[in-house]
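Trainee: Only the shape, not the letters, is given here:
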């Protein structure tokens, strides 16, 4: 009787069952119900970068110099040239070269805002880091020095956003529904403007410029 009771209470061996979890190629989903699983997405994604068909691990990090400022850095601007790479940080209305192990202020120390917009742009004359902030005239860095591109037709201190499309620089203007653009492959010269007021019939102002590609059926 005792032996039979022991046999009846003997715990069953559990068998592990495999479960496939799809790679989160959709990236981080932050606006969904966390109690509902979204296939191919992740609620937490640290040190991973989703690609079209896989997820790659972050390669690591590199330490850069300190600006020594007590106020935050509002803008980080990498310069990717043909023979040199730089990293600039904008803090306390000053642009710092933080590429190396010790911080050093660049020649631009009289900004009125540390919140800048920038792009890397290449022309036949070289590769440039192009910076605007809607308060100062546009600035360009060529890998060794900063300069102020000579622009006519409108004032570049009115440029608050910069974007690149088909070899041109485009700019959003302060409190305006117009945008400006330079000649092809140019960082300076005569700027033309185009008014979008008849498109935005409810008014407003331009705050950003981007590109949008449609799939025509055979790819983007």
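Mentor: It's in. Quick caveat, the model's predicted, so the values are computed rather than measured. Residues are numbered from 1 along each chain as shown.

Trainee: Verify the stated contact: residue 55 with residue 23.
Mentor: Yes - counting by CB atoms under 8 Å, residue 55 touches residue 23, with 5.3 Å between them. C-betas here are computed from N, CA, C, even on glycine.

Trainee: and the closest residue to residue 152 other than its chain neighbours, backbone torsions?
Mentor: Nearest non-adjacent residue to residue 152, counting by CB to CB, 6 or more residues apart in numbering: residue 190, 5.0 Å away. Main-chain dihedrals, residue 190, degrees, to the nearest 10: phi -80, psi 120.

Trainee: Please, which helix or strand holds residue 86?
Mentor: In this structure, residue 86 is located in strand 85-91 according to DSSP states H and E.

Trainee: Adjacent strands (with direction) for whichever helix or strand comes after that strand?
Mentor: Note on strand 85-91: by DSSP H and E, the next helix or strand toward the C-terminus is strand 94-97. Note on strand 94-97: by DSSP bridges, its sheet partners are strand 85-91 (antiparallel), strand 104-105 (antiparallel).

Trainee: Out of the ones you listed, which one sits most buried?
Mentor: Greatest average neighbour count among the strands paired with strand 94-97 goes to strand 85-91 (a mean of 19), per mean count of other CB atoms under 10 Å.

Trainee: which ones are touching residue 30?
Mentor: Shown in contact with residue 30 (CB atoms under 8 Å, 6 or more residues apart in numbering): residue 43.

Trainee: Report whether it is found in a strand, as I expect.
Mentor: No - counting by DSSP: H, G, I helix; E, B strand; the rest coil, residue 30 falls outside a strand, being coil.

Trainee: Check the gap between it and residue 180 for me.
Mentor: Distance of residue 30 to residue 180, given as CB to CB, to the nearest Å: 35 Å.

Trainee: what about the protein, any weak spots by pLDDT?
Mentor: Within the chain, the set of residues satisfying pLDDT under 70 comprises 1-12, 220.

Trainee: 50 instead?
Mentor: 1-2 (pLDDT under 50).

Trainee: And the helices in it?
Mentor: Along the chain, the segments classed as helices by DSSP state H run 2-8.

Trainee: Any chance of the strands paired with strand 94-97 in a markdown table with distance to residue 170 as columns?
Mentor: As requested, those are exported to a markdown table (distance: least, CB to CB, whole Å):
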| stretch | distance to residue 170 |
| --- | --- |
| strand 85-91 | 22 |
| strand 104-105 | 30 |
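
Trainee: For residue 205, which of those is the nearest?
Mentor: Checking the strands paired with strand 94-97 against residue 205 by CB to CB gives strand 85-91 as the closest, at 23.2 Å.
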